[in-house]
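S.K.: Starting from these lines, generate the structure:
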Amino acid sequence: MRGVRTVKKQHVIMFVLLILVASASVLGFRHQWKLKEEAAEVKAYLEARHHMDFVLVEPLYNWKFGSYGGQFYPKKHPSIVFYAEKMQNGYVASSFVEEWWMKEAEKELTPLMKEKLGKGATISVLPVHGIDEDLNISYPIPSYKEVKSSLSVVITLNEKWKNDKERKQQMMKIVKLNQARNIEDTTFVFEDDDKTQYTISFYGAKSIKTIEQFDKQAEIYYVDAQGFLSEANIDGTLVNEEKEGKGNF
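M.R.: Predicted structure coming up:
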């Protein structure tokens, strides 16, 4: 009798397991179907808004916000890969326009800056996602130079900062060049062989015409090899070391 009960119990357990496996399979199938359906809707929205064909790289689900979307690129511009997702309220968030501006700016600015700063300079353009919604950008997409695109430019140089007048004049020209293109944030990163960094940033549209203005408007930080950041002066001293009378780093 006990053996019969054991067999019945095993059958019940197997039945429950089968139900669980079947339920998981159904849920998985429904999730995959939902992924493809929502990604297709986002793709259709992008094509209607921007008047161009897009290719879906892969559908995606944002577990944090419970939203569906995917990774896409415009068919005629495969190097511009971006993310877009439909939020639960129906709003579609996309980084397409910002990525478009970023690629446009990199292509135009990289040769100009290498010409002025040297071929070893590395140029990165950073976008602010969501700015296209604030500006109501749809079709056609204007150039980043024609609107307040809020792009930032970071230029990395593999050299030690020496507070050099000639280098400052070159940097002033770069800041002016960027400001003329509606890029108001420019950062220069001087990376030494020991991996310490000296960053000099300029924010806003205020013009820089003299070395004195350059020194005054620069926002300067020193980053040590461990990644710790300290406020610094243009001559290479740390602000928090001035009272202690310590020398250059």
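S.K.: so how many other residues sit close to Gln213?
M.R.: Neighbouring residues of Gln213 were enumerated by other C-beta atoms under 10 Å; the total is 13. Bear in mind the C-beta positions are built from the backbone N, C-alpha and C, glycine included.
S.K.: May I have the predicted confidence score for the nearest residue to Lys209 once chain neighbours are set aside?
M.R.: Ranked by C-beta to C-beta, 6 or more residues apart in numbering and with sequence neighbours excluded, the top spatial neighbour of Lys209 is Met172, at 7.8 Å. Met172 carries a pLDDT value of 96.
S.K.: Please name the residues that touch Met172.
M.R.: Met172 makes contact with Ile208, Lys209, Phe214 under the criterion C-beta atoms under 8 Å, 6 or more residues apart in numbering.
S.K.: and those as JSON lines, adding secondary structure?
M.R.: As requested, the contacts of Met172 are exported to JSON lines (DSSP: H, G, I helix; E, B strand; the rest coil):
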{"residue": "Ile208", "secondary structure": "coil"}
{"residue": "Lys209", "secondary structure": "coil"}
{"residue": "Phe214", "secondary structure": "helix"}
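S.K.: which one of those sits closest to Val97?
M.R.: When the contacts of Met172 are ranked by distance to Val97 (C-beta to C-beta), Ile208 comes first, at 29.4 Å.
S.K.: Pop out the phi and psi values for the closest one.
M.R.: Here is the backbone geometry of Ile208 (degrees, to the nearest 10): phi -120, psi 110.
S.K.: per-residue confidence at it?
M.R.: Note on Ile208: pLDDT of 94.
S.K.: Enumerate every residue touching it.
M.R.: Contacts here follow C-beta under 8 Å, 6+ apart; on that basis Ile208 touches Met172, Val175, Lys176, Phe202, Phe214, Gln217.
S.K.: May I see the buried residues of whichever strand or helix holds the residue nearest to Lys209?
M.R.: Under the assignment given by DSSP states H and E, the secondary-structure element containing Met172 is helix 165-179. Of the residues in helix 165-179, Arg167, Lys168, Met171, Met172, Ile174, Val175, Leu177, Asn178, Gln179 count as buried by neighbour count, 16 or more other C-beta atoms under 10 Å.
S.K.: can you check stretch 212-230 too?
M.R.: Neighbour counts over stretch 212-230 (16+ other C-beta under 10 Å) mark Phe214, Asp215, Gln217, Ala218, Ile220, Tyr221, Tyr222, Val223 as buried.
S.K.: care to break the chain down by domain?
M.R.: Listed domain ranges for the chain are 2-94, 96-241 (source: automatic domain parsing).
S.K.: Quickly name whichever of the buried residues of helix 165-179 is closest to Val97.
M.R.: When those are compared for distance to Val97, the smallest value, 19.4 Å, is given by Asn178; criterion: C-beta to C-beta.
S.K.: Chain neighbours aside, what residue packs nearest to that closest one?
M.R.: Distances taken as C-beta to C-beta, 6+ apart put Thr186 closest to Asn178, at 5.0 Å, once the chain neighbours are dropped.
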